[in-house]
Structure formats: C-alpha cells, structure tokens
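Enquirer: Quick check, what structure comes out for this input:
(chains A and B)
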Amino acid sequence: MTLYKRKNKTMQYDFNRIERDWQKYWAENQTFKASNNSDKPKYYVLDMFPYPSGAGLHVGHPLGYIASDIYARYKRHKGFNVLHPQGYDSFGLPAEQYAIQTGQHPAITTETNIKTYRRQLDQIGFSFDWSREVRTSNPEYYKWTQWIFIQLFESYYCNNDNKAKDITELVSIFSSEGNANVNVACDDDIEVFTAEAWNSFSTEEQQAILLKYRLTYLAETEVNWCPVLGTVLANDEIVNGVSERGGHPVVRKKMTQWSMRISAYAERLLQGLEAVDWTDSLKETQRNWIGKSVGATVSFNVTQSESEESHKIEVFTTRPDTIFGVSFMTLAPEHELVSILTTADQKEAVEAYIEKTAKRSERDRMADVKTISGVFTGAYAEHPFTKEPVQIWIGDYVLASYGTGAVMAVPCGDQRDYDFAKHFNIEIPNIFEGVDISEEAFTGKDNVKIANSDFLNGMNYKKASKLAIYELEKLGQGEGKTNYRLRDAVFSRQRYWGEPFPVYYVNGMPQMIDAQHLPIQLPEVEKYLPTEEGEPPLGRADVWAWDTKNNKVVSNDLCHSEQSEESHNGIYPLELNTMPGWAGSSWYFFRYMEEAANRGDVFASEDALKYWENVDLYIGGAEHATGHLLYSRFWVKLLKDRGFVNVEEPFKKLINQGMILGTSAFVKRIAWSLSGESDFDQTKLPYVCLSEDISEKIINKDAVAIVEIKNKLQKIIDDLGIGNLRVNNFSNDLDGLDFMPVHVKVQYVNASDELNIEGLKNDGEFGDDYANAIFIGNKGEIVEEGKGVFKVGREVEKMSKSKYNVVNPDNIVADYGADSLRLYEMFLGPLEQYKPWNTAGITGVHNFLKKLWKLYVDDNGLKINDAEPTKDNLKTLHKTIKKVQEDIENFSFNTSVSTFMIAVNELGAQKCTSKDVLEPLLVLISPYAPHIAEELYSKLGNSTSISTAAFPEFEASHLVESSKNYPISFNGKMRFTLELPMDLSKDEIEKAVMAHEKTIAQLEGRTPKKVIVVPGKIVNIVG
RNA sequence: GCUGAAGUGGUGGAAUUGGUAGACACGUUGGACUUAAAAUCCAAUGUCCAUUAGGACGUACGGGUUCAAGUCCCGUCUUCAGUACCA
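Expert: Numbers count the residues shown, from 1 in each chain, chains lettered A, B, ... in the order given. Down below sits the predicted model:
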C-alpha cells in the first residue's frame, strides 16, 4: 500500500512541484542571462514593459509575454545569443492618484506593485534576463532620460543635411552670417537678423532666439485647464465642456510648457516606415498621424481702405491648379485677422458668430459636420492672378489648428466649399472642362482638364499645379509647400510622479544643469496636489533650487529670485513641471543592452549598442500606435544624428497582440412588481434569479413559462406572509423591466455554464444579497443544494473588476500549472486577434500535458528506451518539426499547440518509447511548456537545461509517401477516395480511377467530357 | 465619410501557393470502470432527408471566373479598430 502510494505520487505529473523546482533552477543558474560577448548571432526579443498597477496581472496581460518568450526560447534552440529582458514603466498617474488619496509616497506604492508583478511573472516561467531589469522611476535610470533631454536642448535640426546637429554650430552661423539663409526647423515667428545684429544682442536675447530653434523648447501652449482637479486635461478627457472625471468646468489657459520639435522629423518618421516590418494597419495609422500633404501656400492681399495698413492672408492648398476657381475665402473664427478685417457693418454679426462658436468645444464642432454656418466679414481680398475682389468669410468648418487657419475656397472642386457657397448663395465658377457641377463639387483630379483658368487652360492637374506654383513664386505670392499634420509634442506635465527636468531659470530663461551633476532627484513634498496658486506639485517642495556654485539642489530659502542680480548668490529656482509618461519609455530598449554592472557612466556602452543594434522583435499592444511607437522612433533618430547610437529605427519587427476578453456571466434577477397593500419594505424582498433558458422563454413570450413563473413568484410572496400582495403580470415589452441581467463572478460558473449557487450565497463581497436569494432552474423548479441545475447567461466583454469577469493567472497556475496557462493562452487563437477567455477550455491543454507525461512515464517510472524508431514514429516526429518550425516563424502559435496534440496522440497510438523520437519532441515543446520539458529531459538523463539543446533538424526523407489517398471528385464534388501509388503517371492514375467500380457507378453509363488529374493532389471527373 | 482588419458548427478556432471544408480543443450525448462521485478511457457530434447503402444543402449575402472557390474578381450587408470639416 505504502509502496503503491509513493510510486504513484512520484510518477504523476506533479506540475506544482516541477514548476517550482525548475524556476528555482533557472534563477540559481542564471540560465537566461544574456552575454554581450558571444560568437553566436544576436537576437533581441522585447516586450513593451508594463506599468505596475495595483490590480496586478490578469490572464490577458501575459499573452504577449508568452508569445515573445516562446520566440526567445526558440531562437536560443536555433543557436542565437538572445536578449530577452523585462522591466517596469514605473512612473505614472495611478500611483500619484493613490498618493493624493492616502498620502503614501508613490515610490512605496510602486515598489509594492512591482513585487506583486514580479511574483506573478516568475510563476509563469518566463526566460527573462532579470539581471538587466530597468525601472523608469529609478534615479540611475532617469538620470539618462534627463541627459537625453539635454541633448535635445543642445540640438537643432538642419533641413539641408536632414539631421540634428549641435546648437553651437548654429550659433557660429548666426555670428558669421545671421539667419537669413539658414534652412532649419524652427518656430514660424522668427525675424531675420544679420551677423552684426546677432553679435549685438544680449546673452538673454540670444538665448530667447535660440529657444526657437532647439529640438526641445519652451512655448506658450493653450491647454485645457481644470482648476478643481488642478490639472491639464487631454481633449478626450473633456465632455461637453466639463471634465469627464467629476464634471468640473474646464477653461482654455495659456501655459508655458516644454515642447518637443518632433515635427522636424516628420518626413524621416514617414520614410522610416518603409524600412520596418510592421503591420500595414499600424504603419497606416502612423502615416495618417504624420499626415503629409503636398501643395502650396498662397498669400492673398487684403483689399485696403485708406485707413488700414496692408494685410495678407496666407492659405495652404493641395490644389494650386484650381486657383482660378476661388470665389471666396474662409477664415477660422479664431483667426487673428478677423477682428482687424471685419467692417463696421458686419462687426455685430461677426462677433455674435464668434461668441456662438466659442461655446462649442472643438470636439463638438468636429462632430457636427452637417450644419453649415458662417458670416461675411465685409472685407475682400485680391485674387493673385485675376486681381478680382474675393469675399472674406469666417466659418467654423475651418480649423484654426490646421494649416494657416484659413482656406481659399474653390466651391467647384471641394464639397465643403461647395456646400458653403450654395448655402450663402456665393458664385460657383466651373473650372473643369466638361464636368457638371450643378449637383455637387468635382473632387477628383485625374482625367480632367482645367478650363476658364487663363494660363492653366487645357492642362491636367499635375502640369497646372506646377505652373501655378511657378507663377505664384514669380509674383512673390506663394510657393510650393509640404504640410504635415504632426504637431510638436507638449512635454511638460503638472504632476509629481515623473522625471524632473534638469532645468533652472535665470531671469526666466531656462538653463540646463551640466550632465555631470545628474540625476536631479525628485524632491520630497508634503502633498501631491498642485499648490493653491495653481503651480504643479513640485511647487510645494522646500528644497528645490539650484546652487550653481556648489552644483547641488538646495533649499528654496536661499533663492531670492525677486532680488537683484548680485544678491541671488548663484542660486536659482528649478523647473516645477515633470516629464510625461512617454519620456522614460522612449529609450529603455537601449538601457537593456548594457549589463547592469557597467551602467554607471553611460546609458549603454558603445560596444553594447553596436552589438545589439536594435530590437529584432517587439511585442505589445496596439494602443501605443501613435504615442510610444512614434516618440521612441523620434528619440532614436535624434540619438543617431548626435552620434550616440547606430540605428535609425528602434524596432525592426513589431507585433500587436490582441486583447483577451472576459466571458461575463449573468443571472436574470426579478425586478419585483407588486400591487396591493402592505407595510412591508419592498427593498427587503428576496432576490429571485431565473436560469438562462427559462428567462429566454419568457422573453420569447412562452405563455406556459410565463404563467408558471408568475405562480412561483406569487407563492414566494405568499410564503413570506407579508400581506395581500399580488404579483403583477409581466409587461409586454420585456426589455429589462421584469428582470435584469446582473453580473456574477465567473469563478462560480463551470464549463457547462452552471452556477455554483452555494459559492455565490457564501461570497462575503455581496453581503446578504444572495444569501437568501431564490434560484429558479430551467424546469421552473427552485434550485437548492445539489438539486437542479441553474444556468447563467454569458457575454463577451472587456475584462474589468466591475464585470466580475477578471481571471487571475495565480489561480490558473495553482490549479493547472504555468505550462497549461502558457499553452492555453496560445491555443485560444491567433496572437493578434481579440478573443474571449473561458477557463473551462483549459482542461483540453491540461489533459494534453498529462498525456505527454504518460508518454514518458508510467507507474513503474520512465518507460523510454533505445529502441530503433519505427517509420511511423519518424514520420510523426518530422512532420511535427516541420510544422512547429514554420508556425513559430509565422507567429502562428495556436496551430503549433494543435500540432503537439496530434503528435502526442499519434505517438501514443504507436506506443512509441524510442528516445530518438521522444527526446527531440521535448525540445520542440520546450518553448511552449518549458517546465515539463525540462523535467522529462532531465529524467532522460540530461544534466543541462533543455534550453541549451539544439532545435531538431527536419529531414524531408521521413515524410516521403509511397502512396496517396486521392479524393475522386465528380464535377467538383468529392465522392470517394482511392489509395494509389505515388509514382503513377497521370495516365495511369486516370486509368486506375476510370476502371474503379465506384467511378462506373457514379457515371451511370455517361462518358466523361474531361478528366482532370493533378498527381499527388486530386482527380476530378467532368461530365 | 475615409483607412485598415474581419465575418466558417452550440463555442474557441484549422484549412501556407484555388484541390477531400470544419484539423485541434471545449461543450453536448451515449457507453466502460465505480456502491457512488470525481478522474480516466471508448464512441458519436455541421444542418436536413433517408436511418442500410446513400443523398441534398452548407464558409455573411448576391453575382462572376474556373474542371475545381472559405480562398480569386465585382457588388451589397454586418462587426471591430483607427481617424476625421486636414483645405
């Protein structure tokens, strides 16, 4: 008895023990530590690092990590030196919010959350090289984020050479020839100056000018400021003019903030997409975001009355060829010239219109595209060629934030201009030869000739555009121009939990702290809220001034910014804003390249950067398409230009994993509707829940079911003995009136959608809500302990705590093991697809692992021997090698899990015990289910980790078939199959098939018109 | 509106260049083992008709190309994602 028991125990698939042991082994032996010195080719597999939130991981989070881990492990088997690191994007809002609520320092919250994450990640058995971990909130890390910020500040973008350069080069150009001939990225409001003028400017004047050229610069930006929340809100955090959170008023406010001149890189960011292996949809998203449009700027002179000074209206157009079709102009209501141009007659109407549009948020304006509105300003501009007067209107279909905030309206060629002209009865000249524009504008540009356009007549779009631009340039009233939608990125946040800027201010001008004094560490504050004056939280710090003599952060008391130059004593106030979340994540992939021990003096050494280059495979969510993935490309290009890294693009191949959705469970709860007199508090009536099928019947107005349930409900009321109450009839429209679906925890639902009523009743979270609840089963019976079946309704929704459909991987690992979790996440479906999680299905892969185990081990121990593999054994093995290798390389992980199942089923049926087959099989499976693979591999007598084993070589010879089971089709319909030797010729196959009795039966005496024979594939008989 | 992706059994999903549609699982049903349950194993399982052979229909819908279409072409519908008065 004892013997039997012990034997059984050791020989069973004890996944908890196996996984614990091997995770320990990997950690102790640093099995997955990458080396920066290796003869092997390198391969860098990276996951988008997580923000460690307080909620921990749910089963959706590890999906991408499992996929990348499989790939990393596969690449190791294939002989690559693999870098597969992990870390934390640990600055961010939730920890700060928590700090505001509780006073707990965000660093503590973050540390706690990271511990949870690490524990959860470790138990899944990832092959991460944790020795290279990074945390963006660590001072040793953000030191280098600050350092990169300084590099941006010290750089300008040269359009001639198409790269960023040291700002000192620009200074020397200014001092020798002024700025008249420089072709660089800069603000639009720059005055031309000579070398003499430059040299005569004060230092401060020079600094102010340089700020307009630097790749990071201070600018007045209009922001959505919410005074109550004390914070700046993004456009989509505002609904109907108030904050989405809390409904507080929001005002537009100008603030001086740091911006990143990403627009300088617009063209390179666009071009760079050609070189990377990303999905088309992702590339397209970035292209749209960059929004390149080629056209021309045209300036229209405003027709002057004597008293006015001269004004010009600049417009951008993609259709300079249609310039003779201009019949009016439209300015955005916010356009700076509106108040100047408007005539006295029109003043009242214009102001009323501006006031009206100002009330509508930009979002509302964009959403409402149907209403046509606008006002004539009374002013006219002069057409550059015809010199005819052109009416100037304002209209809110023109956006101040795009182009110049003004358009030349060509109603015959643009639908919005057309609608506007029709609505206000403005002339619509037709400049397209032979095109009818009586109903709508002609918006195409191909296959049409320009007419009624003076020197452009008879030309096509291309020629006419070119000539129009040439003529405009000759007049000095326009030039060819490429416009980008991409805006410079605001880089300041009024938050505490982010990187402080290495910046102090002298007389309002920003100064960089010398890189050798970094990091500038976050100061301590008492509260994490903005100050009463509306300054960011760092405004509360007492020790937050920069001592330029001793190069350290000192108490604010020493800083007398108000006083004269002499008495400031070299101590100046520090920047109060912090950097946004994307700062730290824009370069972290380089930090991993350096081993932790060597990270002191560099963000990564030259050798490390040269060796690892960039990320070969990057896996993460699609929500970063225009944020992280654009900003990090921008920073990498800057670092390359300035000679710090060698690559133009950070991520060669990128895959977006799809989201795993929850399968929510519902009970249908009766909403009591009673009539009659009673003192009874109706809110105290018991919950009555209907099983899914019976509620369906009621919804479908099944008369029998309705009567039955109504009687049941009446009985429940009668049994309560609370007076003479009658249950009302079910209402006719059953939309949630008589019973409502209520979420219940998915953990109480089994694979057959049956509810564990006892579990729900005893769940403390719901108090007494369900303790006395009555459950009515499918047959109308009251379901009680162990009696009857109660089914829930199911629906696929995003995983969320409030929907009670979150599944924690901890429970899955405890119940089925990490290998089961890994396999199941992959088995669910294609990596990139959205798919629902249903814990019930995990038994499939779990049973597979048990079968796999039994292939190697029975009650008597290991059953593997050195027997010569049979032909079938080898065929199964090599079929599997081929398929799994192809699948991994195509990131089709779900199908390789099926392939493993087939292989194990076949080898089981073949009663295979041959080590020559079963050992390579383990290597195939090990990227997916590494723990069981390691365990069985060591049982086979290996003393090293299976991760060092070579991937089995596929040999096609084992798959050569001597015969083929041909499907025989008649008119395309498969009727029967016929086993024929592979080496038959076409004619021989045809002969064999035609002679077959089933063929004769099918033909019923007819003579086939045609017989298609594809050797090795199919036979089709027509006729 | 535009751009991109997709639509296959009760469910998740296979089907790599057009060549046996529904692999592999889940679920369901039946059976074996057991006092019983669980676990395990075996069998069936697209729909409909015939229940024995077999037949008809079937990959969102309507057409087309082809000996042969889930796959290619044209049109329509639906869902999801991104984006939006972009001049």
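
Enquirer: going forward, measure contacts and count neighbours with C-alpha atoms only.
Expert: Will do.

Enquirer: List, one by one, the residues from the stretch 451-600 of chain A near RNA strand B.
Expert: Within the stretch 451-600 of chain A, the positions lying close to RNA strand B (Cα under 7 Å from any atom of the strand) are A:Arg485.

Enquirer: for chain A, what are the low-confidence residue spans?
Expert: Applying pLDDT under 70 to chain A picks out residues A:1-10, A:229-230, A:233-246, A:306-308, A:359-370, A:560-567, A:731-737, A:785-787.

Enquirer: Give me the most central residue, it.
Expert: With distances taken as Cα atoms, centre = their mean, A:Glu623 lies nearest the centre of chain A, 1.7 Å away.

Enquirer: Got phi/psi on the residue of chain A at minimum distance from RNA strand B?
Expert: Closest to RNA strand B within chain A is A:Thr317: 2.7 Å, counting by Cα to the nearest atom of the strand. Taking degrees, to the nearest 10, you get phi -140, psi 150 for the backbone angles of A:Thr317.

Enquirer: Surely the residue nearest to the centre of chain A is in a strand?
Expert: No: with DSSP: H, G, I helix; E, B strand; the rest coil as the criterion, A:Glu623 is assigned helix and is not in a strand.

Enquirer: re earlier: right, and the residue of chain A closest to RNA strand B touches A:Ala406 too?
Expert: No: the criterion here is Cα atoms under 8 Å, and A:Thr317 misses it with A:Ala406 at 9.8 Å.

Enquirer: The two: who's more crowded?
Expert: Shown here are A:Thr317 and A:Ala406; by other Cα atoms under 10 Å, A:Ala406 has more neighbours (27 against 24).

Enquirer: what about the spatially closest residue to that one that is not a sequence neighbour, how many residues close to it?
Expert: Leaving aside its sequence neighbours, A:Ala406 sits nearest to A:Leu331 (Cα to Cα, 6 or more residues apart in numbering; 4.3 Å). Neighbourhood size, A:Leu331 [other Cα under 10 Å]: 28.

Enquirer: now do A:Asp542
Expert: A:Asp542: 15 neighbours (other Cα under 10 Å).

Enquirer: so what's it up against?
Expert: Contacts for A:Asp542 (Cα atoms under 8 Å, 6 or more residues apart in numbering) come out as A:525, A:555-557.

Enquirer: tell me which element it falls in.
Expert: Following DSSP states H and E, there is no helix or strand that holds A:Asp542.

Enquirer: ok so, going back, so what pairs up with the residue of chain A closest to RNA strand B in the strands?
Expert: With beta bridges defined as DSSP bridges, A:Thr317 has these partners: A:Ala296.

Enquirer: quick one, what contacts it?
Expert: Shown in contact with A:Thr317 (Cα under 8 Å, 6+ apart): A:295-298, A:407-408.

Enquirer: now with 10 Å?
Expert: Contacts for A:Thr317 were tallied using Cα atoms under 10 Å, 6 or more residues apart in numbering; they are A:293-298, A:323, A:403, A:406-409, A:480-483.

Enquirer: Take those and keep only those in strands.
Expert: A:293-298, A:406-409, A:480-483 (DSSP state E).

Enquirer: hmm, which two among the residues you listed are most spread apart?
Expert: For the ones in strands among the contacts of A:Thr317, with distances taken as Cα to Cα, the pair at the greatest spread is A:Ala409 and A:Thr482 (19.1 Å).

Enquirer: Settle it for me: which of those two has more neighbours?
Expert: Between A:Ala409 and A:Thr482, A:Ala409 has the larger neighbour count (other Cα under 10 Å), namely 28 against 15.

Enquirer: so the more buried one sits right up against A:Pro429, yeah?
Expert: No: distance between A:Ala409 and A:Pro429: 11.1 Å, which falls outside the contact criterion (Cα atoms under 10 Å).

Enquirer: which stretch of helix or strand covers the nearest residue to A:Gly829 once chain neighbours are set aside?
Expert: Nearest-residue entry for A:Gly829: A:Asn894, 5.4 Å, with adjacent residues in sequence omitted and distances by Cα to Cα, 6+ apart. For A:Asn894, the host element (DSSP H and E) is helix A:893-909.

Enquirer: Can I get that helix in PDB, CA atoms only?
Expert: In PDB, the C-alpha atoms belonging to helix A:893-909 read as follows (Å, rounded to 0.1, in the frame of the first residue of the first chain):
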ATOM      1  CA  PHE A 893       1.400  29.700 -32.000                       C
ATOM      2  CA  ASN A 894      -2.200  28.400 -31.800                       C
ATOM      3  CA  THR A 895      -1.700  25.900 -34.600                       C
ATOM      4  CA  SER A 896       1.600  24.500 -33.200                       C
ATOM      5  CA  VAL A 897      -0.200  23.600 -30.000                       C
ATOM      6  CA  SER A 898      -2.700  21.600 -32.100                       C
ATOM      7  CA  THR A 899       0.300  20.000 -33.800                       C
ATOM      8  CA  PHE A 900       1.800  18.900 -30.500                       C
ATOM      9  CA  MET A 901      -1.600  17.300 -29.600                       C
ATOM     10  CA  ILE A 902      -1.700  15.500 -32.800                       C
ATOM     11  CA  ALA A 903       1.900  14.300 -32.400                       C
ATOM     12  CA  VAL A 904       1.300  13.000 -28.800                       C
ATOM     13  CA  ASN A 905      -1.900  11.300 -29.900                       C
ATOM     14  CA  GLU A 906      -0.200   9.600 -32.700                       C
ATOM     15  CA  LEU A 907       2.900   8.600 -30.800                       C
ATOM     16  CA  GLY A 908       0.600   7.300 -28.000                       C
ATOM     17  CA  ALA A 909      -1.300   5.200 -30.500                       C
END
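
Enquirer: so after it, what's the next helix or strand?
Expert: Following helix A:893-909 in sequence order, the next helix or strand is helix A:915-925 (DSSP H and E).

Enquirer: What's the local residue count around the closest residue to A:Phe730 other than its chain neighbours?
Expert: The shortest distance from A:Phe730 to any non-neighbouring residue, by Cα to Cα, 6+ apart, is to A:Asp738 (6.3 Å). Using other Cα under 10 Å, A:Asp738 has 20 neighbouring residues.

Enquirer: Surely A:Asp738 is in contact with A:Ile670?
Expert: Yes: contact criterion Cα under 10 Å: A:Asp738 and A:Ile670 qualify, at 5.9 Å.

Enquirer: one step back: tell me the spacing between the residue nearest to A:Ala406 and A:Asp188.
Expert: Distance of A:Leu331 to A:Asp188, given as Cα to Cα, to the nearest Å: 19 Å.

Enquirer: if I look at A:Glu979, how far off is A:Glu473?
Expert: Remark: distance between A:Glu979 and A:Glu473 (Cα to Cα) = 79 Å.

Enquirer: And A:Gly498, by the same measure?
Expert: From A:Gly498 to A:Glu473 the distance is 48 Å (Cα to Cα).

Enquirer: Tell me which of these two has more neighbours.
Expert: Ranked by neighbour count (other Cα under 10 Å), A:Gly498 and A:Glu473 place A:Gly498 first, with 26 against 15.

Enquirer: A helix includes the more buried one, no?
Expert: No: applying three-state DSSP, one finds A:Gly498 to be coil, outside a helix.

Enquirer: so what's it up against?
Expert: A:90-93, A:96, A:136-137, A:142, A:492, A:522, A:577-584.

Enquirer: if you set the cut-off to 7 Å instead, what comes out?
Expert: A:91-92, A:578-580 (Cα atoms under 7 Å, 6 or more residues apart in numbering).

Enquirer: Among the residues you listed, name the ones in strands.
Expert: Among the contacts of A:Gly498, no member lies in strands (by DSSP E).

Enquirer: hmm, which of those are the buried ones?
Expert: When neighbours are counted using 16 or more other Cα atoms under 10 Å, these contain these buried positions: A:91-92, A:578-580.

Enquirer: At which residues are the helices of the stretch 51-200 of chain A located?
Expert: Taking DSSP state H, counting those that start in this stretch, the helices of the stretch 51-200 of chain A run over residues A:62-77, A:93-102, A:106-122, A:139-153, A:167-177, A:195-200.
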